[in-house]
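J.: Need a 3D model of the following:
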Amino acid sequence: MFSSKSKSEIEIPASAAGTSLIGAGTIIKGDIISTGDIRIDGTLKGNISGSAKVLIGAEGAVEGDIEGQQADILGKITGKIIIKDLLNLRGRAIIKGDISSGKLQVEPTVSFNGKCHVGEDAVADVVEMSSDEAHALAQ
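T.: Numbering: from 1, shown residues only. The predicted structure follows:
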């Protein structure tokens with residue numbers, strides 16, 4: 001009935017332990033790099049690079065590029081979106097920029113202006129190009 005583990009021994013999934021939050025009314029200028037989930041309800045003027053899930057709330061806004069494993073977007077994005085797995089565009093989301101995603105789900109209330117590439121090949125091409133660009137810049 002009761003676990004024999006003490007509180008210090010309880011395992012917490014990485015995604016639950018590593019969620020970063022930018023709250024409503026907060027403005028951040030700069031890039032975010034994270035291995036955990038990211039939720040933005042405020043404004044980010046910069047890029048997001050994550051290896052987990054990115055969630056942009058209904059009042060959230062990003063002026064920059066987003067890269068991640070999965071994303072759920074309800075707010076406003078001005079920039080390129082590259083998602084390896086599933087990208088959900090929901091509610092009254094406004095997207096101004098190109099999308100590359102493994103899978104895409106869009107509700108009819110979403111506004112989108114840009115190019116869209118869906119499928120594993122689309123994401124692989126973009127990730128490879130980004131890697132090559134980064135390598136060229138490093139030299």
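
J.: Who are the contact partners of the nearest residue to Gln70 once chain neighbours are set aside?
T.: Leaving aside its sequence neighbours, Gln70 sits nearest to Lys53 (C-beta to C-beta, 6 or more residues apart in numbering; 4.5 Å). Bear in mind the C-beta positions are built from the backbone N, C-alpha and C, glycine included. The neighbours of Lys53, taking C-beta atoms under 8 Å, 6 or more residues apart in numbering as the test, are 15, 37-38, 68-72.

J.: among these, who's most crowded?
T.: In terms of neighbour count, Ala71 stands highest of these at 26 neighbours, by other C-beta atoms under 10 Å.

J.: Can you get me a residue count around the closest residue to it other than its chain neighbours?
T.: Nearest residue to Ala71, sequence neighbours excluded (C-beta to C-beta, 6+ apart): Val54, at 4.4 Å. Val54 has 26 neighbours, counted by other C-beta under 10 Å.

J.: In the chain, what helix or strand scores lowest on average pLDDT?
T.: Counting by mean pLDDT, DSSP states H and E, the chain has its least confident helix or strand at helix 14-17, which shows a mean of 47.

J.: Tell me the predicted confidence for Leu86.
T.: What the model reports for Leu86 is a pLDDT of 96.

J.: In a strand, it, correct?
T.: Yes. Under DSSP: H, G, I helix; E, B strand; the rest coil, Leu86 falls within a strand.

J.: Show me what it bridges to in the sheet.
T.: Lys103 (DSSP bridges).

J.: Quick check: it vs Gly30, distance?
T.: Computed as C-beta to C-beta, to the nearest Å, the Leu86 to Gly30 distance reads 27 Å.
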